[in-house]
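1. need a 3D model of the sequence below.
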Amino acid sequence: MDTTITPRDRAVLRAVADGRCVYAAGTLLVDGIGCCDQFAGPRLVRAGLIAAGVGPARLTAAGRALLVADGSARHAAA
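-> Residues are numbered from 1 along each chain as shown. Sure, this is the predicted structure:
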């Protein structure tokens, strides 16, 4: 993965792991509101960290591994 993961990206990944995110019409919604970084969702999908179709966004194995490596293991269980 060549994508640089920012602290904001990590926060989005934690929100996905917590079940707070939905992908709708190519837009990542966090708690029902469009993510403040409109490019974060698509970027994390392209990086292979989020699996998104219509409905709940889910972490991929790589996304879970990243959270575990960052010490966010409590979030990675989702």
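2. is R8 in a helix, a strand, or coil?
-> helix (DSSP: H, G, I helix; E, B strand; the rest coil).
3. i'd like the first residue to be 43 from this point on
-> Renumbered: residue one is now 43, and that last one reads R50.
4. pretty sure it is in contact with A82, am I right?
-> Yes - under the criterion of C-beta atoms under 8 Å, R50 makes contact with A82 at 6.5 Å. Every residue, glycine included, has its C-beta placed from N, CA and C.
5. when the two are compared, which one has more neighbours?
-> Higher neighbour count among R50 and A82: A82, with 19 against 12, using other C-beta atoms under 10 Å.
6. correct me, but that one touches L55?
-> No - contact criterion C-beta under 8 Å: A82 and L55 do not qualify, at 9.5 Å.
7. list the buried residues of stretch 53-69.
-> Judged by neighbour count (16 or more other C-beta atoms under 10 Å), stretch 53-69 contains these buried residues: 54-59, 62-65.
8. in strands, which of those residues appear?
-> Judged by DSSP state E, strands contain the following of those: 63-65.
9. and those residues as JSON lines, adding pLDDT and distance to G105?
-> Converted to JSON lines, these look like this (pLDDT from 0 to 100; distance: C-beta to C-beta, whole Å):
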{"residue": "C63", "pLDDT": "94", "distance to G105": "12"}
{"residue": "V64", "pLDDT": "93", "distance to G105": "16"}
{"residue": "Y65", "pLDDT": "86", "distance to G105": "14"}
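10. thanks a lot, catch you later.
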